[in-house]
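**Q** After the sequence you'll find the predicted model.
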Amino acid sequence: MKQVPSKEKSADTTNEAKLDFQKVFPVFLVVLVDLLGLTVIIPLLPLYAASFGADAAVIGLIGAAYPLAQFLGAPFLGRMSDKFGRKPILLISQVGTFIGFVLLALANSLPMILISRLLDGLSGANISTAQAIITDSTTEKNRTAGLGLIGAAFGLGFVLGPVITGITLALSGNNYQLPPVIAALFSLASILLTYFKLEETHSADKRTQAVQRSPFSFGAMIKALRHPGIGVLLLLIFTQQIAFGGFEHILGLFTLNRLGLNAAGNSILFVFVGVILVFVQGYYIGKWSRRFGDRKLVYGGLVLLSLGLALIAFTPHQPPPWYNRADLQAELTRQVQQGRSTNEVTSIAIPPEGDKGLGGLAWLLLTMIPLSIGGGILQPSINSLITKRVQSEERGGILGISTSFLSLANIFAPLIGGFLFQGYGASTPMVVWALLLVGVLILAVALLGSESQSKPTAVPS
């Protein structure tokens, strides 16, 4: 048998480990444009609901509506992408997102906001289907970097989306209805990009293998959780999202209460987080994965995220020098006066005048650095481990189940955060989530075996 020279073997291994960016760039672009719509909404939604008279608990309920619907819809659509192909399922989910944004822009009551989020979530298989496309187009050695591109697209969306929100609010006199209009336009653009530019990556023969499998059931989630190779990973994806997703949902209320930041101010914070996510998930995570392995990245991400949350809880009660209490009250009240609500302005307390400075904002920005790095590391690393432990024809389905656990966490995170915020103060959710992550870290070290110990196996349906 002819021996392959060691240099040639090394070159082949290096090439296999490198990500073919040209191959995955179309899905990166589609996800970026799609997420721009989402990230235009994220900094605005808590205050948008607050302008209709919602308190922290009600805002938590609205925040839970999207993931609740996504929890029901995404796994089914994930299995359908295994059966019928990635592209048609992605288009279906994008159309639902577009309609949801249109309804949000037309909202004149809290129930209409709730309906718009439910519709968007029910068709919300965008990310899980995109992840499946990435896994179709990568090898085990470069899959973490490929999945990191999804996170990088999200990070870029976090940069550009909030910038668009801030500019739109500034030019419109803080009209909260215009950002959803912008989001709908981005969603329409993503539909056109998918239809005309994205190629199908799931071949017909692999679809045939998936036909015999049931589309989705709650029993499948339980069976996947009991799977010795991926059960602990699904538990990790769930618990880290309780913390990081909960932080995202509660941040607008936290900064409104602690620093007196409005929607435009919160947009700047999301830009800051987005820049960090872009660097971590778009550049560093591939290098870190090859150097340390996904398992150690998961441990490091848990440490950083818990540290950031714990420190954020101690953000000083100090609004910035430009804070004006009367102007902030007028901004929230203006949404009511425009006839879109008959409720009183939210009962969430905002800072009094006096004792202004940059200390509170500076502390928050510094503590968000480890938090953002940790949050940026965790999802792609955990999902990469999951896809390496299942057979190739099941990746779409298992990523759909992974998305279900994320959605399940996102259901509970805003509800828990809103309850703790309303009943026990703004810092309490941050402390509770930090302690949760410490417990999860201990569990992960005890139960998460070596990456080389688990070979791909079938997931029970």
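**A** Perfect, I can see it now.
**Q** distance of Phe28 from Val273?
**A** Using Cβ to Cβ, to the nearest Å, one obtains 19 Å as the distance from Phe28 to Val273. Glycine gets a C-beta too; all of them are placed from N, C-alpha and C.
**Q** When the two are compared, which one has more neighbours?
**A** Val273 (23 against 20; other Cβ atoms under 10 Å).
**Q** Skip the chain neighbours and tell me the closest residue to Phe158.
**A** Using Cβ to Cβ, 6 or more residues apart in numbering and skipping the chain neighbours, the partner closest in space to Phe158 is Gly274 (2.7 Å).
**Q** what separates the one you found from Phe412, distance-wise?
**A** Counting by Cβ to Cβ - Gly274 and Phe412 are separated by 25 Å.
**Q** neighbour-wise, which of those two wins?
**A** A side-by-side neighbour count of Gly274 and Phe412, using other Cβ under 10 Å, places Gly274 first with 24 against 18.
**Q** For the more buried one, give me phi and psi.
**A** Backbone torsions of Gly274, given as degrees, to the nearest 10, read phi -60, psi -40.
**Q** While we're on the residue most central in space within the chain, how confident is the model there?
**A** Closest to where the C-alpha atoms of the chain average out (Cα atoms, centre = their mean) is Gly245, at 6.8 Å. Per-residue confidence (pLDDT) for Gly245: 88.
**Q** Surely it and Phe412 touch.
**A** No: contact criterion Cβ atoms under 8 Å: Gly245 and Phe412 do not qualify, at 9.1 Å.
**Q** Look at Ala153 and say how many residues are nearby.
**A** The burial metric for Ala153, expressed as a neighbour count using other Cβ under 10 Å, is 26.
**Q** tell me which strands and helices the helix or strand containing it is in contact with?
**A** Counting by DSSP states H and E, the secondary-structure element that holds Ala153 is helix 143-172. Secondary structure elements in contact with helix 143-172, counted by 3 or more Cβ pairs under 8 Å, 6 or more residues apart in numbering; DSSP states H and E, are helix 21-41, helix 126-136, helix 178-197, helix 263-279, helix 285-292, helix 359-388.
**Q** JSON lines for the ones you listed, including distance to Gln329 and mean pLDDT?
**A** Output for the helices and strands packed on helix 143-172, formatted as JSON lines (distance: least, Cβ to Cβ, whole Å; pLDDT from 0 to 100):
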{"stretch": "helix 21-41", "distance to Gln329": "23", "mean pLDDT": "75"}
{"stretch": "helix 126-136", "distance to Gln329": "37", "mean pLDDT": "74"}
{"stretch": "helix 178-197", "distance to Gln329": "21", "mean pLDDT": "87"}
{"stretch": "helix 263-279", "distance to Gln329": "14", "mean pLDDT": "86"}
{"stretch": "helix 285-292", "distance to Gln329": "43", "mean pLDDT": "85"}
{"stretch": "helix 359-388", "distance to Gln329": "19", "mean pLDDT": "91"}
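**Q** Quick one: closest of the ones you listed to Met430.
**A** When these are ranked by proximity to Met430, the top entry is helix 359-388, at 9.5 Å, counting by Cβ to Cβ.
**Q** For that closest one, buried residues please.
**A** When burial is assessed from 16 or more other Cβ atoms under 10 Å, helix 359-388 yields the following buried residues: 360-361, 363-364, 367-368, 370-388.
**Q** How about stretch 433-453?
**A** 433-434, 436-437, 440-441, 444, 448.
**Q** Just list the residues touching the residue nearest to the centre of the chain, thanks.
**A** By Cβ atoms under 8 Å, 6 or more residues apart in numbering, the contact set of Gly245 is 67, 406, 409-410, 413-414.
**Q** part of a helix, is it?
**A** Yes: assessed by DSSP: H, G, I helix; E, B strand; the rest coil, Gly245 belongs to a helix.
**Q** Which parts of the stretch 201-350 of the chain are strands?
**A** If DSSP state E, counting those that start in this stretch is used as the criterion, the stretch 201-350 of the chain turns out to lack strands entirely.
**Q** Show me where it dips below the pLDDT cut-off.
**A** Scanning the stretch 201-350 of the chain for pLDDT under 70 picks out the ranges 201-218, 220, 334-347.
**Q** got it, and the stretch 1-150 of the chain?
**A** Counting by pLDDT under 70, the stretch 1-150 of the chain contains low-confidence ranges at 1-23, 75, 78, 124-126, 140, 144.
**Q** let's go with 50 and repeat that
**A** Segments of the stretch 1-150 of the chain classed as low confidence (criterion: pLDDT under 50) are 1-2, 8-15.
**Q** Name all residues that make contact with the spatially closest residue to Ser427 that is not a sequence neighbour.
**A** Using Cβ to Cβ, 6+ apart and skipping residues adjacent in sequence, the residue nearest Ser427 is Ala313, 4.1 Å away. Contact analysis of Ala313 by Cβ under 8 Å, 6+ apart lists 427-428, 430-431, 434.
**Q** ok, Ala313 to Ile442 distance?
**A** Counting by Cβ to Cβ, the gap from Ala313 to Ile442 is 21 Å.
**Q** from what I can see Leu441 touches Leu305, true?
**A** No: because the distance of 9.6 Å does not satisfy Cβ under 8 Å, Leu441 is recorded as not touching Leu305.
**Q** Point out the other helices and strands that the strand or helix carrying Ala413 packs with.
**A** Take DSSP H and E as the rule and Ala413 turns out to sit in helix 395-424. The contact analysis (3+ Cβ pairs under 8 Å, 6+ apart) places helix 395-424 against helix 56-84, helix 126-136, helix 218-226, helix 231-258, helix 359-388, helix 428-447.
**Q** didn't Gly148 look like it was pressed against Lys287?
**A** No: shown here, Gly148 and Lys287 do not form a contact pair, counting by Cβ under 8 Å, at 10.1 Å.
**Q** higher neighbour count, the two?
**A** Neighbours were counted for Gly148 and for Lys287 using other Cβ under 10 Å; Gly148 has more, 31 against 10.
**Q** Quick one: residues contacting the more buried one.
**A** Gly148 sits next to 281-282, 285-286, 289, 380 when contact means Cβ under 8 Å, 6+ apart.
**Q** Run through the residues that contact the spatially closest residue to Asn324 that is not a sequence neighbour.
**A** The shortest distance from Asn324 to any residue other than its chain neighbours is 7.9 Å, reached at Glu353 (Cβ to Cβ, 6+ apart). Neighbour list for Glu353: 323-325 [criterion: Cβ under 8 Å, 6+ apart].
**Q** quick one, phi/psi of Glu353?
**A** Here Glu353 shows phi and psi, under degrees, to the nearest 10, equal to phi -70, psi 150.
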